[in-house]
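Asker: Have a look at this prediction, sequence included:
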Amino acid sequence: MLKIKTYFKEAYNELVHKVSWPTWKELQNSALIVMVASLIIALIVLAMDVSFRNAMQGIVYKIFN
């Protein structure tokens, strides 16, 4: 039981005194970067999906017609 208590005490001490937390502005900037990157990746995946679908429809159309 003493080991668990020591663990939580040290974890709390590290989180409060040793971890450097980002400022609100830094957090907002990071969130914006993640949102923009996610949007770009989603658009790339969409373009790949549409082009692959069109290519497959063209191949299937040629085979069955």
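Answerer: It's in. Residues are numbered from 1 along each chain as shown.
Asker: Quick check: which element contains residue 21?
Answerer: Using DSSP states H and E, residue 21 falls within no helix or strand.
Asker: Could you tell me the phi and psi values at it?
Answerer: Backbone torsions of residue 21, given as degrees, to the nearest 10, read phi -90, psi 140.
Asker: Tell me how far it lies from residue 29.
Answerer: For residue 21, the distance to residue 29 (C-beta to C-beta, to the nearest Å) stands at 14 Å. C-beta: built from backbone N, CA, C; applies to glycine.
Asker: higher neighbour count, the two?
Answerer: More neighbours surround residue 29 than the other of residue 21 and residue 29, with 12 against 9 (other C-beta atoms under 10 Å).
Asker: From the contact counts, what lies against the helix or strand that contains the more buried one?
Answerer: Secondary structure from DSSP H and E places residue 29 in helix 24-64. Helices and strands touching helix 24-64, as assessed by 3 or more C-beta pairs under 8 Å, 6 or more residues apart in numbering; DSSP states H and E, are absent.
Asker: and that helix, average pLDDT?
Answerer: Throughout helix 24-64, pLDDT has a mean value of 94.
Asker: Neighbours of residue 60, how many?
Answerer: The number of residues packed around residue 60, counting by other C-beta under 10 Å, is 10.
Asker: For it, which residues are in contact?
Answerer: With contacts taken as C-beta atoms under 8 Å, 6 or more residues apart in numbering, residue 60 has no neighbouring residues.
Asker: and the gap between it and residue 53?
Answerer: As judged by C-beta to C-beta, residue 60 and residue 53 stand 10 Å apart.
Asker: Equivalent analysis for residue 6, please.
Answerer: Distance, residue 6 to residue 53, by C-beta to C-beta: 58 Å.
Asker: Then residue 5?
Answerer: When residue 5 is compared with residue 53 (using C-beta to C-beta), they lie 59 Å apart.
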